[in-house]
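*Asks:* sequence plus the predicted model coming up.
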Amino acid sequence: MHASEKLRCNSRIAAGLLDSLAATGNHAGHGCVRRVYENEKVNPRTEGTWISHSVIDSAFRSLGADRDLAKRVGYSLVSMERIGFMLYSGGVATIEKAYRRCEPMLPREERAGRFHTLAVNNGRARIAYHPGAARHSNPDQPLQDNWNANFCGVREGMLEALPLSFGLLPARVKETECVGRGATHCVFEVHFEARSTRGAWLGLGIGAATAIAIGALLVPEASLLVRGAIGVLIAVLSSVAGFAVDLSRQLQAVAGARRGHLALLEQADRALSEKMDELATLGGRAEASAGESTERLRRLLEERQDAIAGDAARKNDADDHPDADARHESSNEWVQLAEVVGVAAEAVRSIMLPSQHLKLEVEDDLPRVRCSAFQLEQVADQLIKNAASAIFDDGTVHVVLRSTASGVELMVLDQGCGIPEEFLDQLFDPFAEESAAGTDGGFGLAICHRIVVEHGGQMTVASDGFRGTCVTVMLPREAESETR
């Protein structure tokens, strides 16, 4: 998630409400709000998340109408530690630019809400907030009936506190239009100081008044020149002191921006390190899987070559050796498919994303099947890989192995995007465009289908074309005593 998107998330408002209650020692209110979040199973400390508007609305309503608390929450949301990186990276060097570009920096209670700067000039700004379009979609329920004025207080606090990030005094903010009073949007009139010189002028005024008082009361016998010199000295010193206060506030703002910048860089570095570790792990798994796949393909090709050579040999000496087919069939072995499919499932699970899941369901007391264990493992491996590549980042692949009246059935189900109907008839053709169905391109399914058919089985694919695919492999049941 982009940094500006994290700043806009309403989870910041939810967490700021808890922090403000704790800072003011309102333990009862803090506990009340925390219970609201717990009942809704919401964690406001999760960075960059959007919470249901109704949850935050209920949290504020549980405290009643408290505009001062709402403004305090707004103040906490635009501290330099929170928005310093955005100011630096966006080139926002003045308070005027900050008000013009406030949209990506200010959180809002609902995702569709938007801030819009109407005007900024001569120490004044007009900022509008438009609630989400969904809030206007029900004509039977006027928006102002359920409008929570506390959110307006949060916005007012943010707009007041924004000049503090530049070492200036808080702005004076007045809400001239409000959705709660029947308007289509909220409008805030902001008055701010473009430069921090109030301290210097205030110091000069205090110094001049002090100098006049001292000159008139304490040194009446001194000459006019001496009293004037004392007055000027005191006025200059007071003005310098006021200027020092202004400079100190600006330096504090810069230091706060630097702290915010460094904090965000530290977070980015930590996140990057975690991603690099994850990529290294996945890279190692992929490398190991690639080596295993190469070895399996080599063995599969060797088996196919042996099978082709065997077919030719049996055709040439069929008349002299009537039992040749029986000898060929005896090259297969009795296999427990649960073990074969389990090996393939574990191999694919090792290269899946941590958020993806593979669920293996095996029926008890499955009959054994006479087949090539290696070839059937390749079939299971290919089908499960195809399913894993089709699901989303948090999806699940289901692998089911069960006994039926006809034999042993292997089903591989995914919850991916499905396969369009026009591709279903082409899936078993070599070099079919299987990638459009979320599977590997090339010979993958074609080889799987041929192996299953050569084992006397059937392979089918079912999909609704929108959500999910099921590949079924049916291998015939054969009594071991009949082949001995």
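*Replies:* Now that the structure is in, tell me what you want to look at. Numbers count the residues shown, from 1 in each chain.

*Asks:* next, residue 370: secondary structure please.
*Replies:* Following DSSP: H, G, I helix; E, B strand; the rest coil, residue 370 is assigned to strand.

*Asks:* so what's it bridging to?
*Replies:* For residue 370, the beta-bridge partners are residue 334 (DSSP bridges).

*Asks:* start the count at 18 instead of 1 going forward.
*Replies:* All right, first residue 18 from here; so that's residue 387.

*Asks:* my guess is it contacts residue 351, does it?
*Replies:* Yes. With contact defined as Cβ atoms under 8 Å, residue 387 counts as touching residue 351 (5.3 Å). Yep, even glycine has a C-beta here, placed from its N, CA and C like the rest.

*Asks:* which one of the two has more residues nearby?
*Replies:* Legend: neighbour count by other Cβ atoms under 10 Å for residue 387 and residue 351, higher for residue 387 (18 against 13).

*Asks:* the more buried one and residue 123: what is the separation?
*Replies:* Residue 387 sits 70 Å away from residue 123, going by Cβ to Cβ, to the nearest Å.

*Asks:* swap in residue 170?
*Replies:* 14 Å.

*Asks:* neighbouring contacts of the strand or helix carrying residue 414?
*Replies:* Taking DSSP states H and E as the criterion, residue 414 maps to strand 413-420. By Cβ atoms under 8 Å, 6 or more residues apart in numbering, the surrounding residues in contact with strand 413-420 are 354-355, 358, 362, 365, 369, 373-380, 382-384, 397, 401, 404-405, 408, 425-432, 494.

*Asks:* keep only those of these that are in strands.
*Replies:* Judged by DSSP state E, strands contain the following of the contacts of strand 413-420: 374-379, 425-431.

*Asks:* any of the contacts of strand 413-420 buried? List them.
*Replies:* 354-355, 358, 362, 365, 369, 373, 375, 377, 379, 397, 401, 404-405, 408, 425-432 (16 or more other Cβ atoms under 10 Å).

*Asks:* I figured residue 377 hits residue 360, correct?
*Replies:* No. Look at residue 377 against residue 360 with Cβ under 8 Å: they stay out of range, at 11.1 Å.

*Asks:* can you pull the contacts of the closest residue to residue 362 other than its chain neighbours?
*Replies:* Closest residue in space to residue 362, ignoring its immediate chain neighbours: residue 377 at 5.2 Å, by Cβ to Cβ, 6 or more residues apart in numbering. Contact analysis of residue 377 by Cβ under 8 Å, 6+ apart lists 358, 359, 362, 416, 418.

*Asks:* show me what residue 377 bridges to in the sheet.
*Replies:* If you apply DSSP bridges, the partners that residue 377 bridges to are residue 416.

*Asks:* if I look at it, how far off is residue 413?
*Replies:* 11 Å.

*Asks:* list the contacts of stretch 35-44.
*Replies:* Stretch 35-44 has contacts (Cβ under 8 Å, 6+ apart) with 46, 47, 50, 51, 61, 86, 89, 90, 93.

*Asks:* could I get the average pLDDT for it?
*Replies:* Average pLDDT, stretch 35-44: 90.

*Asks:* what's the closest of the contacts of residue 377 to residue 135?
*Replies:* Residue 135 has its nearest neighbour among the contacts of residue 377 in residue 416, at 59.1 Å by Cβ to Cβ.

*Asks:* pLDDT weak spots in the stretch 68-217 of the chain?
*Replies:* 97-99, 101-108, 150-162, 211-217 (pLDDT under 70).

*Asks:* might you report the residue contacts of residue 179?
*Replies:* Residue 179 sits next to 95, 112, 115, 116, 119, 188, 209 when contact means Cβ under 8 Å, 6+ apart.
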